[in-house]
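>>> could you work out the structure for the sequence below:
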Amino acid sequence: MHLRGQMPGGNSSGGWHPAAAHIPQPSRGGRRWLSYGVTALVALVVGIGIGAGGSAETKGAAGPQPAVTVTEAADPAPTVTITETVTSEAEQPQETGESGPATTMAGDGQYLVGEDIKPGTYKTAGTDGGFACYWARLRNASGEFSAITANDNIKGPARVTLKKGEYFETSRCHPWKRVG
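Okay, here's the model as predicted:
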């Protein structure tokens, strides 16, 4: 005989419930390997980033650096020898036999007229590559657009007259030589 609300199996909780069914749980072994794999991948990427970054010693600063040699002497004070290396004369105004500012500019740069180069008229053969030769006369070395008093992009020969106290900037040009 069954009582109201009671089902076979003696469950009297008001409704029928199956016997404790066993529901299989997914294996956590697959998830464990996935988390290990992701962790290893992240560690690999971080290691590559650190290795590729290098240190300040291996990156090298722009331009040549002076070599410093320390020699121990018999007295307690060390002797320091500083050697500077200049890689190219094209980066600096060319010196002539005369004393004072140069009369030739062979290379890109900005020159103070009257100090780095002599005032006067200079001539160039034009561009030294595929891009146009750029020159500018400047009021000052501020880098501001308003400092430009005259400029041009040229492919062929050109002449520019420079006055004492102004700056002259050149880029991608054959050497400039003073002609007057």
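>>> please count neighbours and contacts with C-alpha atoms only from this point.
OK.
>>> longest helix in the protein, please.
helix 29-53 (DSSP state H).
>>> so K163 is in contact with E115, correct?
No. The criterion here is Cα atoms under 8 Å, and K163 misses it with E115 at 11.2 Å.
>>> tell me where the model's unsure across this structure.
Residues of the chain that meet the criterion pLDDT under 70 lie in 1-30, 53-98.
>>> now with 50, please.
Residues of the chain meeting the criterion pLDDT under 50: 1-3, 5-7, 11, 61, 95-96.
>>> ranges for the helices of it?
Going by DSSP H, the chain shows helices at 29-53, 56-59.
>>> nearest to G143, of those helices?
For the helices of the chain, proximity to G143 was assessed by Cα to Cα; helix 56-59 is nearest, at 28.1 Å.
>>> still on that earlier bit, adding distance to N140 and mean neighbour count, write the helices of the chain out as a markdown table.
Shown next, in a markdown table, are the helices of the chain (distance: least, Cα to Cα, whole Å; neighbours: other Cα atoms under 10 Å):
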| stretch | distance to N140 | mean neighbour count |
| --- | --- | --- |
| helix 29-53 | 38 | 11 |
| helix 56-59 | 33 | 8 |
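>>> for N153, give me its contacts.
Going by Cα atoms under 8 Å, 6 or more residues apart in numbering, N153 touches 132-135.
>>> how about the strands in this structure?
In the chain, the strands defined using DSSP state E lie at 67-71, 79-83, 104-105, 109-112, 120-124, 133-138, 148-154, 158-162, 167-171, 176-178.
>>> most tightly surrounded among those strands?
When the strands of the chain are scored by mean count of other Cα atoms under 10 Å, the highest mean neighbour count falls to strand 104-105 (a mean of 24).
>>> and that strand, what does it pack onto?
If you count contacts as 3 or more Cα pairs under 8 Å, 6 or more residues apart in numbering; DSSP states H and E, strand 104-105 packs onto strand 176-178.
>>> in its sheet, what does the strand it packs on sit against?
Strand 176-178 has the following strand partners under DSSP bridges: strand 104-105 (antiparallel), strand 120-124 (antiparallel).
>>> what is the neighbour count of G114?
Using other Cα atoms under 10 Å, the number of residues around G114 comes to 18.
>>> now do it against Y167, distance only.
9 Å (Cα to Cα, to the nearest Å).
>>> please apply the same query to N140.
6 Å.
>>> and G107, by the same measure?
15 Å.
>>> show me what contacts the closest residue to V113 other than its chain neighbours?
Closest residue to V113 apart from its sequence neighbours, by Cα to Cα, 6 or more residues apart in numbering: K164 at 4.9 Å. Neighbouring residues of K164 by Cα under 8 Å, 6+ apart: 112-114, 118-119.
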